[in-house]
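Trainee: just to be clear, the model below is a prediction. Sequence and coordinates:
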Amino acid sequence: MTPPPALAGLRVLELATEIAGPYCGKLLADAGAEVGKAEPPGGDALRAWRSGALFQYLNASKRHVRACDVDASLASADVVVVDGPAPATTPGPTDRSSGTGRSTSPASTGARSRSRCR
């Protein structure tokens, strides 16, 4: 019997662009994590670089996260991959008292649990 992938059940949200962040996300996905990629408005610049094959390689095993679903994805993610400083949409302080490390921002407490996507 084959054991489950090492990172099975780990939920990752990738907010990174270019190469380093998406490669990190690819490694996590290859190890069994569920990786969702949210792109900035206009898409990841790597899509338009040369033939786009590198973008396809780095993102083949990830699911697309629509911009209007980023807050909900942040609230449920175990790991967030970013390039450089954390973006302004990063959740607030973590809840240290529960020991979960989960965000205590409105998005994670259910205040904005419904999707704004249409």
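Mentor: Structure's in. What do you need?
Trainee: SS state for Leu13?
Mentor: strand (DSSP: H, G, I helix; E, B strand; the rest coil).
Trainee: remind me which residues of this structure are low pLDDT?
Mentor: 86-118 (pLDDT under 70).
Trainee: please enumerate the strands of this structure.
Mentor: Ranges of strands in the chain, per DSSP state E, are 11-14, 34-37, 63-64, 79-81.
Trainee: would you list those in a markdown table and tack on distance to Trp49?
Mentor: Quick note: C-beta positions are derived from backbone N, CA and C, even for glycine. Formatted as a markdown table, those follow (distance: least, Cβ to Cβ, whole Å):
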| stretch | distance to Trp49 |
| --- | --- |
| strand 11-14 | 18 |
| strand 34-37 | 16 |
| strand 63-64 | 19 |
| strand 79-81 | 19 |
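Trainee: switch those over to JSON lines; also include distance to Ser73 and mean neighbour count.
Mentor: Shown next, in JSON lines, are the strands of the chain (distance: least, Cβ to Cβ, whole Å; neighbours: other Cβ atoms under 10 Å):
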{"stretch": "strand 11-14", "distance to Ser73": "5", "mean neighbour count": "22"}
{"stretch": "strand 34-37", "distance to Ser73": "6", "mean neighbour count": "22"}
{"stretch": "strand 63-64", "distance to Ser73": "10", "mean neighbour count": "10"}
{"stretch": "strand 79-81", "distance to Ser73": "9", "mean neighbour count": "18"}
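Trainee: those: which one's closest to Cys24?
Mentor: strand 79-81 (5.3 Å; Cβ to Cβ).
Trainee: next one: the closest one to chain centre, how far?
Mentor: Centre-to-centre, strand 79-81 and its host chain are 6 Å apart (Cα atoms, centre = their mean, to the nearest Å).
Trainee: check which helices and strands that strand sits against.
Mentor: strand 11-14, helix 20-30 (3 or more Cβ pairs under 8 Å, 6 or more residues apart in numbering; DSSP states H and E).
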